[in-house]
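A.B. asks: Predicted model and sequence below, questions to follow.
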Amino acid sequence: MDTEIDDSLYSRQRYVLGDSAMQKMARSNVLIVGLGGLGVEIAKDIVLAGVKSLTVQDWKVATYHDLGTQFFLTEDDVINQRNGISICIKSQVLCVILTRLPISLQIKVDNFCRNHSNPIKFIATSLYGMFGSIFCDFGDEFEVIDKNGEEPKEVFVANISKGKSGLVTCLENGMHGFESGNIVTFKEVGGMEKVNGKQFVINVASPYSFSIGDTAGDVFQPYTTGGIAVEVKVPQTVKFRSLEEQIANPDIVSADLQKMETACDVHVGFLALYEFSRASSRLPNVRCRGDAAELTRLATQINGRMKEPVEKLDEELLAAMSYTAQGAFGPLACAIGGIVAQEALKAVTGKFSPLQQWAIVVCFAHVQKSKSVVGADAARQINPQLQILAQQNRVCPQSEQTYSDDFFTRQHVVVNALDNVEARRYIDGRCVTNQRALLDSGTLGAKGHVQVIVPHLTESYSSQQDPVEQDIPYCTVKSFPAVIEHTIQWVRDKFESSFAMKPAMYNKFWTSHGPPDAVVRAVRDGRSLDNLPHVVKVVSSRPRAWTDCLQLARRKFEKYFSHKAKHLRHAFPLDTKLRDGSLFWQSPKRPPSHIQFDICNSLHVDCVVVTAKLYAQVYGLAITEEDLSPQCIDQIISNITVVPWRPSSKAIETDESVTRPAEPHVASIDDLQAVETLLQNAIQAGQLDAGDLALQPLTFEKDDDSNGHVDFMTAVSNLRACMYGIEPVDRLKSDSNRDSKSDCKSKPSLRACTHRASRPPETKRIAGRIVPAIATTTASVAGPARLASSSTVALASPAAGGAAGDATERFLNLALPVIVVAKPAPCQCTQLSDSVHITLWDRWEVKGHKDFTLNNFIKAVRDEHGMTVTMVVHGVKMVYVPIMPGHKKRLTQPMLKLMRIPAGQSYVDLTVSLEDDATRREVAGPPIRYFFK
């Protein structure tokens, strides 16, 4: 029996794991033994993931040491000597997690889990000081349902050859992204139709083609047209070895690619710590050289018993393990907690590739309120002495009065936790301009990163180009959608146009041009008024009641899903050919089929009702329960008359390079007298009173299921998909129409219709541009980010004298799992001349005064740096470009006269081009900060 998933809690996580894995978690019981700093981090992340139950066991008494990492403990718990209770492992537990327990007990529990009648997944993890260890044993036959969590790849097909090795060629040299051994299936292939629905193991021939085996037989007819190749994900079985076997012959995953041997040293060190603790009934004392020597002796003995001994143990590392073993580094507890929790979720769901079998992690080097307000309050509860200021302003060009250069220069380090590239680049640019350190971190599903950016030492965030997100061509979205994402983008644009932009335009018109009488006089005088045609259209067809809203929505249905399709087929009949003789309607273009509205089809009714409800919101009309009754809706819609389609000569854009045309701001009215009459009649009828001059524009809100925004997008996008023969999104993607064929025997109730469209995660994700997120990845990134913040501050200090190699960055994908620790890339040096070199962090300065001319500025740069300024730009204004008419006259003019100076600012940042006086080579110079006071 499926458990209902609370989308208000798990909307972002559903896009990472999927509903099947979420259902498995909701039926799973997990046991954690040991609730210290590491255990509580694991517990937090597992609870946030949504398991059925979590049982915790800890018999140790709380100590002051625990307060450093166990954020649920207080001093009162230590004073009162509180501890946990002992709980046995119950049969219904699916996963057991042990933290910081003796190795002998770990082996005993692992063997118990392996030999249980229903084998239990086992994870053991330890954190001593700045050294962490994770071990997983999921049994002899663990099934991985989805090894990486990526969406199955799809590629349009241009051709499938007949032969012993049938070659599939991708459309328009598209790269398929497949690997040899992948399994694919096909759909919508014409001619060679027998490949549709059949699975093939492929061999990659090139990035643009792959073979599917023998297609020479009579079973496969020659390929004619169309088709999509779809990757098929096949479950895999993974075999684990027991902890007892793995101790002396471990399979270790190391995060630090530069110190692969360190992981083996740490593994031996952990075994030595376990033995030290058993023999001495304690851990090594802090900074005790004697205990460190004993630990090293034990490690040397244990290393000799390993199947592949470490050639030379790192005694400095072992000493560090001994010195810090009694503590636990908070950021590392956070990071390991996220990784272990993710492994536990893999154990109970089979989603993503599990850890095989050890991971060593080392840091051995040194609700309806604003998130900022809630986070600040939570931080103060943990540490009441913490000084923290919560702000809710957006950091962007529009807020530079608040977040000025002076604000940035007062910061020692800026920490990013943003969810989009554009915002990251903006903050990165401000930090480079003001020469401030930046710590950038982020997550995307199971992936995450922590990047350290230090002035004059490392490259910046913008130094590396992220893959460019391909925009969907305008004509594809408007007239030729090929996949469900195109239909969702189209309806997203329709929402903005119909319910946001046009109402806002209407409001702005009356605010700008005054009351209706003044507008009538302006029209009578022949004045051109912005957006007058749109306003007149609203005035003449404005709905005044719920019935009018339904009528408007029903007519929109006819326009979008019947008239549009008929117009396209009229303009481009099925036999239309291109200049080269090929058919116009060939993959990926799909010829649309018009949809005949059917009152018995729930999706049709859904579309009209949710659209009408949005119009009612925009026009401020109340809706009663009786209005929403199925009987009322059926009666009103059945009596609505729609205008039949008539052929027209309206042009249809087919060029994919053409961008969306700008909305016209000024339009002409041919019959101004008719407009004047219409407005006069509206005034006399009381239809342009004060209350009629303002609409209520809607702002798309994806997380409020009651507002109908995502309902609208789901119904309309699925209808458009049906019109173009695109498969509507399923339950995970959307609760699409389950009775696409009309069934007049059982009319669905509106409540049922609305319920089916009330939880459309995939439509919600695409339309709302939701970034998939899961707590385990967040924790795995938050820990290293906290660690990196301290090293970033130290490196950025003028007295530090550090180098880029003193910091580390992390990149991870917990789905695989892969964790990479690397050194930041150094900033690149650019040679401007034989004697002048710069990096992206360099900024030159010129001190001027009120009479300082452009000539003085050019001379100051030449005298200081030996290069001639050949162009000066301030923001988007060209201050000096010698080839521009009149610009040479500016040389004698004061700099203050040539630029617009922001109020209260004593300098401007200028972009310049320079010429090397010796070689006459022109180069882009560094930014120059010109002080005019």
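C.D. replies: That came through, no problem.
A.B. asks: where do the strands sit along the stretch 701-850 of the chain?
C.D. replies: Listed in chain order, the strands of the stretch 701-850 of the chain (DSSP state E, counting those that start in this stretch) span 809-813, 818-822, 830-831, 837-838, 844-847.
A.B. asks: and the ones you listed as CSV, adding mean neighbour count?
C.D. replies: For the C-beta atoms, the positions are set from N, CA and C on the backbone; glycine is no exception. Shown next, in CSV, are those (neighbours: other CB atoms under 10 Å):
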stretch, mean neighbour count
strand 809-813, 22
strand 818-822, 17
strand 830-831, 13
strand 837-838, 15
strand 844-847, 16
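A.B. asks: Of all the ones you listed, which one is nearest residue 447?
C.D. replies: strand 809-813 (4.9 Å; CB to CB).
A.B. asks: which other helices and strands contact the closest one?
C.D. replies: With contacts taken as 3 or more CB pairs under 8 Å, 6 or more residues apart in numbering; DSSP states H and E, strand 809-813 sits against strand 447-453, helix 775-796, strand 818-822.
A.B. asks: just to revisit the earlier point, redo the strands of the stretch 701-850 of the chain as a markdown table? Include distance to residue 457 and mean pLDDT.
C.D. replies: Putting these into a markdown table (distance: least, CB to CB, whole Å; pLDDT from 0 to 100) gives the following:
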| stretch | distance to residue 457 | mean pLDDT |
| --- | --- | --- |
| strand 809-813 | 13 | 89 |
| strand 818-822 | 15 | 86 |
| strand 830-831 | 16 | 90 |
| strand 837-838 | 15 | 92 |
| strand 844-847 | 20 | 95 |
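A.B. asks: can you redo those strands as TSV with distance to residue 201?
C.D. replies: Compiled in TSV, these are given as follows (distance: least, CB to CB, whole Å):
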stretch	distance to residue 201
strand 809-813	26
strand 818-822	26
strand 830-831	50
strand 837-838	54
strand 844-847	61
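A.B. asks: Show me the one of the ones you listed that comes nearest residue 99.
C.D. replies: Proximity to residue 99, assessed across these by CB to CB, is greatest for strand 818-822 (19.1 Å).
A.B. asks: Just the C-alphas of the closest one, formatted as CSV.
C.D. replies: C-alpha atoms of strand 818-822 as CSV (Å, rounded to 0.1, in the frame of the first residue of the first chain):
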residue,chain,number,x,y,z
VAL,A,818,32.3,10.2,-5.6
ILE,A,819,34.0,12.7,-3.3
VAL,A,820,37.0,14.7,-4.7
VAL,A,821,39.3,16.9,-2.7
ALA,A,822,41.5,19.2,-4.8
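A.B. asks: Off-centre distance for it?
C.D. replies: From the chain centre to the centre of strand 818-822 is a distance of 20 Å (CA atoms, centre = their mean, to the nearest Å).
A.B. asks: Now do it against strand 447-453, angle only.
C.D. replies: Compare the direction of strand 818-822 with that of strand 447-453 by axes from the mean of the first three to the mean of the last three CA atoms, to 10 degrees and you get 10 degrees.
A.B. asks: Mind giving me the packing neighbours of strand 818-822?
C.D. replies: Other helices and strands packing on strand 818-822, by 3+ CB pairs under 8 Å, 6+ apart, are strand 809-813.
A.B. asks: most neighbours per residue, which of the helices and strands packed on strand 809-813?
C.D. replies: The highest mean neighbour count among the helices and strands packed on strand 809-813, using mean count of other CB atoms under 10 Å, belongs to strand 447-453: a mean of 25.
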